[in-house]
Each structure stands twice: as structure tokens, then as C-alpha cells.
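**Student:** 3D model of this:
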Amino acid sequence: MKYVVITTSLIEFLYKLRKEQYIKCITQTIKLFKPLGYKIVILENNGNINTFLNDFGEDVLYTNTNNTCHLTNIGYKELTDIRIFLDKYNVQDTDFIVKVTGRYFILDNSSFISSLKKSDYEAIFTYGNGNTLIGAAACGLIGLSGKWFRQVELPIDNTYSVEGCYGICCMKIQNTTSNYKNLTMLGILQAPSYYGMDNYVLI
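**Tutor:** From the prediction side, this is the model:
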């Protein structure tokens, strides 16, 4: 089974802009992955039960992680949601999961998408090269088998970045198997809230 998990957090801060970004980016993600046979799951972590996310016609998994996690580390909450997804959907070790941040726009010619089409990798990521610091992995867009996603540890406290946790897992992958792809660039446009719709950053 192949999944795309799109993470969202519908907070009040700049809600109108963030909603516009989510609609644009999620629409693009669905367009790219549906033809490749991926099941789309949207993860929303503010305890909602009915939002505009339902309008996409895909599975929406609502959690309350943003309000209940004991750490404020954003990555901790998101990775907690991923763990909820893995259990809820009974994801197997050999299943492949693409995790993408909902406000990141994946380019049509993304090297990540090209890699998916070329081979059945256990993992596709950007780690230790390109725009990523050594020891950290870009987790705005990452693809791992169920086996490897379960090995990504939660940050130990608010000072520890989730990118470092993904980085440790990516290092394990590189030391364990040759069936992975480490990309220099992912081919996505990052959309921080305060940048608006016209100031995406290429990653």
C-alpha cells in the first residue's frame, strides 16, 4: 500500500492566508500522487471534526495533538500525528508513506516525484547535503517505508529539532540498505505564513 500523508494545522494565526496556501498546495499534491496510485490522507491536529479539508474528498484524520502534547516543539506534534496515522491505518513495514507539509507546493518536475517513478525505494529524502545541515533531514517532504517511519524517534525536548530525529533515521538507512535515494534538492516550494502566496522558497 502507498500513502501520502498531508499534515495540516488550522490555527487562527493568519488563518485566511494559511487556508489559501493549504488549498493551493494540497490540490497540487493530490494531482501529482493520485495518478501514481497513492491513497491520500490529510492529518489535522486541532481537534476539529469538520473543516474545508473535507471538501477535497480524501480521507481526513482529525487529532487533538496541537492542544494536548506536553511539548510545544511543532515537529513533536506532527510526528505524534504520524504515529497515530500508522496505527489507525495499520500501516505495514513494507508500505510506503510520503509525508508532506500541507503548505508546501510540490513542483511538477520535482526530483522527488521523478525518483518515485523510477524505483521502489525504501526511502527518499534529503539528508546531509544541498540545503540541509549535516545531521538533519528535510522533513517537509520525505518518503519512508512503514518500517523506517516507526524508527523516527520523537524529539526529547523543545530544544531538539525533529529534523535531527529524521536525520538519525536517514543515517541508519544509509548504513543498512542501498535501496534509498538521497536527493540534493526535493523540488518543493516552502510557504511560511508570513511570506504570502508569492514568496515561496525553493528547497
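**Student:** Wait, residue 181 touches residue 127, no?
**Tutor:** No: between residue 181 and residue 127 there is no contact under C-beta atoms under 8 Å: 10.6 Å. For the C-beta atoms, the positions are set from N, CA and C on the backbone; glycine is no exception.
**Student:** who's more crowded, those two?
**Tutor:** residue 127 (27 against 18; other C-beta atoms under 10 Å).
**Student:** Describe which strands the least confident helix or strand in the chain by mean pLDDT pairs with in its sheet and in which direction.
**Tutor:** Ranking every helix and strand in the chain by mean pLDDT, DSSP states H and E puts strand 201-202 at the bottom, with a mean of 74. For strand 201-202, the paired strands and their directions (DSSP bridges) read strand 188-190 (antiparallel).
**Student:** ok, for residue 105, nearest residue in space, not its chain neighbours?
**Tutor:** Among residues not flanking residue 105 along the chain, residue 189 sits closest, at 4.2 Å (C-beta to C-beta, 6 or more residues apart in numbering).
**Student:** Output the longest helix anywhere in the chain as PDB, nothing but the C-alphas.
**Tutor:** The longest helix of the chain (DSSP state H) is helix 15-33. Taking Å, rounded to 0.1, in the frame of the first residue of the first chain, the C-alpha atoms of helix 15-33 are listed here in PDB:
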ATOM      1  CA  TYR A  15      -5.900  31.800   9.000                       C
ATOM      2  CA  LYS A  16      -7.200  33.300   5.700                       C
ATOM      3  CA  LEU A  17      -3.700  33.200   4.200                       C
ATOM      4  CA  ARG A  18      -2.900  29.700   5.500                       C
ATOM      5  CA  LYS A  19      -6.200  28.400   4.200                       C
ATOM      6  CA  GLU A  20      -5.400  29.800   0.700                       C
ATOM      7  CA  GLN A  21      -1.900  28.100   0.900                       C
ATOM      8  CA  TYR A  22      -3.400  24.800   2.000                       C
ATOM      9  CA  ILE A  23      -5.900  24.800  -0.800                       C
ATOM     10  CA  LYS A  24      -3.300  25.500  -3.400                       C
ATOM     11  CA  CYS A  25      -0.700  23.100  -2.200                       C
ATOM     12  CA  ILE A  26      -3.000  20.200  -1.200                       C
ATOM     13  CA  THR A  27      -4.700  20.400  -4.600                       C
ATOM     14  CA  GLN A  28      -1.300  20.100  -6.300                       C
ATOM     15  CA  THR A  29      -0.200  17.200  -4.100                       C
ATOM     16  CA  ILE A  30      -3.400  15.200  -4.900                       C
ATOM     17  CA  LYS A  31      -3.000  16.000  -8.600                       C
ATOM     18  CA  LEU A  32       0.600  14.600  -8.600                       C
ATOM     19  CA  PHE A  33       0.100  11.500  -6.400                       C
END
